[in-house]
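Trainee: okay, here's the prediction I keep looking at, along with the sequence it came from:
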Amino acid sequence: MGANGRPAEPHPDVVAEARRLIAAGEAAHVMLRALGGVAVRLQSPDEGPLLPRSYQDIDLATTKDKRRVAEQLITSAGYISDEMFNTLHGVSRMLFYDHANHRKLDVFVGQFSMCHVIPIADRLNRDPLTVPLAELLLTKLQVVELTERDQRDIYNLIYHHPLSREGSHGIEVDFIAVLCAKDWGLWRTTRQTVERCVANLPEYKVPAQAAAVITDRLGELWRGIDDAPKTTGWRLRSRVGDRVRWYEEPEEHRDSQ
């Protein structure tokens, strides 16, 4: 119920609604953090990102131990649970609907699993609104069929946030490099995505200064990933290469983000 005693209703503005849900989680001691396009907007300057875009749905992450509490909180916040999906997949992912605003709410539980698996629950306390920048960028870099919206999100994150190392503020290159060094498939897709983003950047006609920053940071990011010592499992999988598919094919098209 809302503060006025009437049933709670989702906010029509998707970014404001994400903030409302995260605040409701904090009040109920349930850590909810945004990911996807709305999270990139929340991590952009107040005046807006370098490359604006529209946002359709909300993606959140929570921990496994808070799954059921999160489900109750979200339904009390005015959402309709997808009972069938949540019964079958709720251990790792839950779906809800905001019929008033024609939106979907996707909650990843414990990990993000689309083309690749990204651990996103271990460091949810590092940012008050979103998953950490490194994990947020990785959820975009892991996309095999990159959309125009995904590319905008990557450019915005890279432009608005410096690269960093060892837990300092920014996009932690060493964190991304360690995950890619364990998983050849994630490394392979990340390389493909970085190469596409560098090649496609001229199409966006951003100012020369911004283009230089993005190009330099994408290059530095890739050098950090490529230079990281690889695990034995990575090396064994690399011998197979592209002869065997290296990614999962998510059921849902990423255009909704």
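Mentor: Good, I have the coordinates. Numbers count the residues shown, from 1 in each chain.
Trainee: show me which residues of the helix or strand containing A181 are buried.
Mentor: Taking DSSP states H and E as the criterion, A181 maps to helix 173-182. Within helix 173-182, the residues that qualify as buried are V173, D174, F175, I176, A177, L179, C180, A181, counting by 16 or more other Cβ atoms under 10 Å. All C-beta spots, glycine's among them, are computed from the backbone N, C-alpha and C.
Trainee: packing partners of the following helix or strand past it?
Mentor: Where DSSP H and E defines the elements, the next helix or strand beyond helix 173-182 is helix 184-200. Applying 3 or more Cβ pairs under 8 Å, 6 or more residues apart in numbering; DSSP states H and E, we find helix 184-200 packed against helix 133-141, helix 148-160, helix 173-182, helix 208-227, helix 232-240.
Trainee: including mean pLDDT and distance to N125, could those go into CSV?
Mentor: Formatted as CSV, the helices and strands packed on helix 184-200 follow (pLDDT from 0 to 100; distance: least, Cβ to Cβ, whole Å):
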stretch, mean pLDDT, distance to N125
helix 133-141, 97, 13
helix 148-160, 97, 20
helix 173-182, 97, 15
helix 208-227, 98, 24
helix 232-240, 98, 29
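Trainee: what's the closest of the ones you listed to V15?
Mentor: Distance to V15, taken as Cβ to Cβ, is lowest for helix 148-160 among the helices and strands packed on helix 184-200, at 13.8 Å.
Trainee: how much does that closest one deviate in direction from helix 184-200?
Mentor: 80 degrees (axes from the mean of the first three to the mean of the last three Cα atoms, to 10 degrees).
Trainee: now the element after helix 148-160, going C-ward?
Mentor: Moving toward the C-terminus from helix 148-160, the next helix or strand (DSSP H and E) is strand 163-164.
Trainee: okay then, goodbye and thanks.
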